[in-house]
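Participant: Got a sequence here, can you build the structure:
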Amino acid sequence: MATTQLERPGDRGLSARARRALKAVPLAWKRFWRLVSLYMPKRLYARSLIIVIAPMILLQSVLAFVFMERHWQTVTQRLSQATVRDIAAIVDLVETYPHDADYANIIRIAQDRMQLKIDLLPPDPLPAPGPKPFFSILDEILSSEITHQINRPFWIDTVGNSNIIEVRVQLEGKVLRAFVRRSQAYASNTHIFLIWMVGTSLVLLMIAIPFLRNQIRPILTLAEAAESFGKGRPMPLDFRPRGAEEVRRAGFAFIQMRERIERQLEQRTAMLSGVSHDLRTILTRFKLQLALTGTKADTEALGQDIDDMQSMLEGYLAFARGEATEDAGRFNLEAYFDKLGEEATLRKRKLSTSLAGDPNVHVRPHAFARLLSNVVGNAFRYAKTVEINANHGRGSLLVTIDDDGPGIPPEKREHVFKPFVRLDEARNLDASGTGLGLAIARDIARSHGGDIMLDKSPLGGLRAVIKVPA
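Facilitator: All right, here's what the predicted structure looks like:
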């Protein structure tokens, strides 16, 4: 007959608590590592040093603990036992031969055979116990051995840097005072162990630190080359794959990737230039035919369409080509703001500018000027008041452009960066009306390693925020 064991409610509660405890372990582990990563250094070189130094410190700490706890304490205890055994023998001699008035033979034997300097003092009270030293292993072991072997009132002095330890033992009618060399009762060669341990660690660090620096330098060089490529700047002239095999492979892969991207850009530019040339020829032929045939009223609309097609073609070619072939150089913001002031005067717009930090920024000058002209040109076109604030510092340039124009709805602010996109009350049209102004501006910003963001302006219109490394 089968029997079933019923689960008690307490067992169910216990298993539920166990399950909750098991689920809490991964969360606690993640929380611990999140806290560790918060205080860990961020750079690879510092983390590599920690990987080398932390196990070394842990290993030496364990060795020092084992040495202190085992070897040092054991040796000190055996030395103290032998020293107290000699003092106990002197006590027995003094009590066995009390007829010797000056105890000269006992004092001689103690000095010659046991290397102890002893005196017999009048039966004065023992001094009051002094403070224990901070590191009291000798004081504890020596006191324990005297209590165990002699079992009489005693007083010892182990404090200080003196090489002599004083021991006093209360006898009947007298006090035995013995001076013992510290090395007889104490393992005094510990500093040699510590010096060797610290010295070998320093030698290891002196070898490991330059080796780590040489291994990490190629990684840092590769990171700098990739960062320069992301910002549209030329690759450093001295860059070549170095270091370990994996780092060399990553360096060669980066060079091949860069060459492929540059080759594709060149092919795209060449193809678009050819297409543009062919289409320009056809458009020029259309214009000539329209000029020779028909009346002005009949050809005016067609001529306008041809002009629009040509401007769109030029705008698309400029967008596709960009300014990637331009070398990086110095761009003066103050001089450019002066030009914008003249343009604002011609357009009868109110412009205010401010600049914090160095006016010279390291960008591709013509491309960056086009970026600013596209964004500021839109503001001039659809607003009466424009404010430009630039802040250059800590390796980045932040330019904020505010206006009091109609603005752009929040849900369409990302959409306007797409090529040929136009909105009602168009805010993203360039001078030719192709809808490429903001698309070209963002393309240039991202080729510098930055970006453009749109937001609502405190003036009531649109705010454009341009941030690029500089």
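
Participant: In the stretch 151-300 of the chain, where is pLDDT below threshold?
Facilitator: Applying pLDDT under 70 to the stretch 151-300 of the chain flags the ranges 160-161, 188-191, 232, 237-238, 272, 277, 293-300.

Participant: the helices in it, which residues?
Facilitator: 182-185, 190-230, 245-292, 296-321 (DSSP state H, counting those that start in this stretch).

Participant: looking at the ones you listed, which is buried most?
Facilitator: Mean neighbours per residue, mean count of other C-beta atoms under 10 Å, is largest over the helices of the stretch 151-300 of the chain for helix 182-185, with a mean of 17. Backbone N, C-alpha and C define where each C-beta goes, glycine included.

Participant: quick revisit: out of the helices of the stretch 151-300 of the chain, which is closest to residue 447?
Facilitator: helix 190-230 (8.8 Å; C-beta to C-beta).

Participant: tilt between that closest one and helix 245-292?
Facilitator: 20 degrees (axes from the mean of the first three to the mean of the last three C-alpha atoms, to 10 degrees).

Participant: list the helices and strands helix 190-230 packs on?
Facilitator: helix 44-66, helix 245-292 (3 or more C-beta pairs under 8 Å, 6 or more residues apart in numbering; DSSP states H and E).

Participant: avg pLDDT for the shortest one?
Facilitator: What that stands for is helix 44-66. Mean pLDDT, helix 44-66: 82.

Participant: Can you mark which positions in stretch 31-45 are buried?
Facilitator: Buried residues in stretch 31-45, counted by 16 or more other C-beta atoms under 10 Å: residue 45.

Participant: contacting residues around it?
Facilitator: Applying C-beta atoms under 8 Å, 6 or more residues apart in numbering, the external contacts of stretch 31-45 come out as 47, 50, 212, 213, 216, 219, 220.

Participant: Please report the distance of the first one from residue 451.
Facilitator: If I follow you right, that is residue 47. 30 Å (C-beta to C-beta, to the nearest Å).

Participant: Over to the second one?
Facilitator: When distance is defined by C-beta to C-beta, residue 50 is 34 Å away from residue 451.

Participant: cool, and the fifth one?
Facilitator: According to C-beta to C-beta, residue 216 stands 30 Å off from residue 451.

Participant: What of the third one?
Facilitator: For residue 212, the distance to residue 451 equals 35 Å [C-beta to C-beta].

Participant: same check, this time on the last one
Facilitator: According to C-beta to C-beta, residue 220 and residue 451 sit 25 Å apart.

Participant: again, but for the fourth one
Facilitator: Plainly put, residue 213 is 34 Å away from residue 451 if you go by C-beta to C-beta.

Participant: coming back round to it: rebuild the helices of the stretch 151-300 of the chain as CSV, extending it with distance to residue 443.
Facilitator: Converted to CSV, the helices of the stretch 151-300 of the chain look like this (distance: least, C-beta to C-beta, whole Å):
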stretch, distance to residue 443
helix 182-185, 81
helix 190-230, 14
helix 245-292, 12
helix 296-321, 7
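
Participant: Break this structure down into its domains, please.
Facilitator: By the record's domain assignment, the chain is partitioned as 32-238, 241-321, 326-469 (the TED database).

Participant: Mind putting these into CSV with distance to residue 19?
Facilitator: Putting the domains of the chain into CSV (distance: least, C-beta to C-beta, whole Å) gives the following:
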stretch, distance to residue 19
domain 32-238, 21
domain 241-321, 43
domain 326-469, 46
